[in-house]
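# Please find the sequence and the predicted model below.
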Amino acid sequence: MGWLSWERFTCNIDCVKNPDECISEKLYMDMADRMPDPERFPSGIKALADYVHSKGLKLGIYTDCGSKTCAGYPGSLGFYVIDAQTFADWGIDMLKVDGCYAEPTDMDQLYPEITMALNQSGRPIVFSCSWPAYQVDAGMDKLQNIAICGNFNDIEDSWASVLSIIDFYASHQDELVAAAGPGHWNDPDMILAGNFGLSFEEARAQFALWAIMASPLLVSNDLRSLDSKFRELLLNKDVIAVNQDPLGIMGKRIYQKSNMEIWIRPISPLSGNGKYSYALVFFNRRTLGGPVEVSANVGSLGLDSVNCYDVIDVFSIEKSTKYCPSNNITLTVNPSGVRMVVAKIINE
């Protein structure tokens, strides 16, 4: 979980004027010794990292496996070892490596070289890459040594962009679910809650589905002016608990009909005989009219424990309700909205 500057602020960031002007794209003044831009980072990146660490936070940074970044500034091609060591010496905790200005056919060699350089730097740095987005036939088995993988187009501040990502993940879910797990996460990109393009219902839908997909919850918004309802959404402990579930199993879509979808994710705790608890999202893609009622048999959703389940609505203050496989669960879902429930297995 964390905060990223890019979607909300793009290049309008520096250490003097704002809390960010393209830390990643205009970081270097000189390709030989990698000196940070003195106007934007007058005390250097190491001092910035020390300051961030003093707040109990971690600092990430951006580069590219090619000769240039996507914005046309110097990339890391030919400098992987020195760059990795420089990032480690600065105290960087996470590195995003994009793939612009590199041939997709070369990425089989380039990204593993970066992995090796980071592993030899002497500092644990979370490695986030865009390899699958450029080389769609790379095969997810090649990416197991990379912590976070972007698989699709960059997100934009619009509901259409969010839907396109959801659709991509649903249509490729068999391969993505098989590749995900502790130490390796698929990244559908940044959380938009509190920006300009999504309604509250849409923001809540994105947040819930990202949690179901076991995706990094990396927010990109202006925290200084965040509306209280979006703040409350992003701090929802039940949604965060689903996202951070220690089993690390990625969820998937199990039902789609007439603009209604159901997504499910196995979570802890498990029963004595190994049956899962579950988190479910009922997603109404309809934009016309009012709320829609959806009803589903609990057992048909895969919740088949004879000991039944304690079910809570994560966005409601209502108490939990006991559901057994023979029961139906009935919910009303707003247009472009979700209902998210957690069904914890009852151990008796």
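Noted; the coordinates are in hand. Numbering: from 1, shown residues only.

# okay, now residue 106: neighbour count?
14 (other Cβ atoms under 10 Å). Any C-beta I mention is one placed from the backbone N, CA and C, and that applies to glycine too.

# Just the pLDDT at it, thanks.
With respect to pLDDT, residue 106 scores 91.

# Then residue 25?
42.

# Repeat that for residue 124.
Listed pLDDT for residue 124 reads 96.

# who touches the closest residue to it other than its chain neighbours in this structure?
In this structure, residue 124 finds its nearest non-sequential neighbour in residue 93, 7.9 Å apart by Cβ to Cβ, 6 or more residues apart in numbering. Listed by Cβ atoms under 8 Å, 6 or more residues apart in numbering, the contact set of residue 93 reads 49, 58, 59, 60, 124, 125, 126.

# again, but for residue 1
For residue 1, the contacting residues are 216, 217, 218, 240, 243, 244, by Cβ under 8 Å, 6+ apart.

# How about residue 218?
1, 2, 3, 4, 187, 189, 190, 191 are the contacts of residue 218 under Cβ under 8 Å, 6+ apart.

# Who is it paired with across the strands?
Here residue 218 sits in beta bridges with residue 2, going by DSSP bridges.

# can you give me phi and psi for residue 165?
Main-chain dihedrals, residue 165, degrees, to the nearest 10: phi -70, psi -40.

# Can you give me the neighbour number for it?
For residue 165, the neighbour count with other Cβ under 10 Å is 22.

# Check residue 86 too.
Residues lying near residue 86 (other Cβ under 10 Å) number 21.

# host element of it?
Residue 86 is located in helix 80-90, with elements delineated by DSSP states H and E.

# what's the answer for residue 332, then?
Using DSSP H and E, the element containing residue 332 is strand 328-333.

# Tell me where the chain has helices.
6-9, 44-54, 80-90, 107-119, 131-134, 159-171, 173-179, 200-212, 228-234, 237-243 (DSSP state H).

# Quick check: buried residues in the second one?
For helix 44-54, the buried set under the neighbour-count rule, 16 or more other Cβ atoms under 10 Å, comprises 45, 48, 49, 52.

# just stretch 279-292 next, same as before
279, 280, 281, 282, 283, 284, 285, 286, 292.

# With stretch 200-213 instead?
200-213.

# List of residues touching that stretch?
Applying Cβ under 8 Å, 6+ apart, the external contacts of stretch 200-213 come out as 159, 162, 166, 169, 186, 188, 191-194, 198, 217, 229-230, 233-234, 236, 239-240, 242-243, 250-251, 263-265, 279-281, 283, 314-315, 334-338, 340.

# Can you give the distance from the strand holding residue 332 to the centre of its chain?
How far strand 328-333 lies from its chain's middle: 27 Å, per Cα atoms, centre = their mean, to the nearest Å.

# What pairs with that strand, parallel or antiparallel?
strand 292-297 (antiparallel).

# Who's the closest spatial neighbour of residue 337, skipping the chain neighbours?
With Cβ to Cβ, 6+ apart as the criterion, residue 337 has its nearest non-adjacent residue at 4.0 Å, and that residue is residue 201.

# Can you tell me how far the one you found is from residue 48?
Separation of residue 201 from residue 48 (Cβ to Cβ, to the nearest Å): 37 Å.

# remind me which residues of the stretch 51-200 of the chain are low pLDDT?
Along the stretch 51-200 of the chain, segments meeting pLDDT under 70 span 136-145.

# can I assume residue 262 is in contact with residue 280?
Yes. Using Cβ atoms under 8 Å, residue 262 makes contact with residue 280 at a distance of 6.4 Å.

# intersection of neighbour lists for those two?
Joint contacts of residue 262 and residue 280 (Cβ under 8 Å, 6+ apart) are residue 301.

# What remains of the contacts of residue 93 if I keep only buried residues?
Buried members of the contacts of residue 93, scored by 16+ other Cβ under 10 Å, are 49, 59, 60, 125, 126.

# The last one bridge partners, please.
This means residue 126. Beta bridges link residue 126 to residue 94, judged by DSSP bridges.

# which ones are touching the residue sitting nearest the centre point of the chain?
Residue closest to the mean C-alpha point of the chain, counted by Cα atoms, centre = their mean, is residue 216 at 2.9 Å. Residue 216 makes contacts with 1, 2, 148, 185, 187, as judged by Cβ under 8 Å, 6+ apart.

# Check the gap between the first one and residue 247 for me.
Per Cβ to Cβ, residue 1 is found 17 Å from residue 247.

# so who does residue 335 touch?
201, 284, 286, 287, 288, 289, 290, 291, 292.

# Kindly state the beta-bridge partners for the last one.
Spelled out, it's residue 292. residue 333.

# From residue 321, how far out is the residue nearest to residue 7 when sequence neighbours are not counted?
Take residue 7 and drop its neighbours on the chain: the residue closest to it by Cβ to Cβ, 6+ apart is residue 220, 3.8 Å away. Per Cβ to Cβ, residue 220 is found 36 Å from residue 321.

# quick one, which of the two is more surrounded?
For residue 220 versus residue 321, the count of surrounding residues by other Cβ under 10 Å is larger for residue 220: 22 against 14.

# Is it correct that the more buried one is in contact with residue 5?
Yes. Taking contacts as Cβ under 8 Å, residue 220 lies within contact range of residue 5: 6.8 Å.
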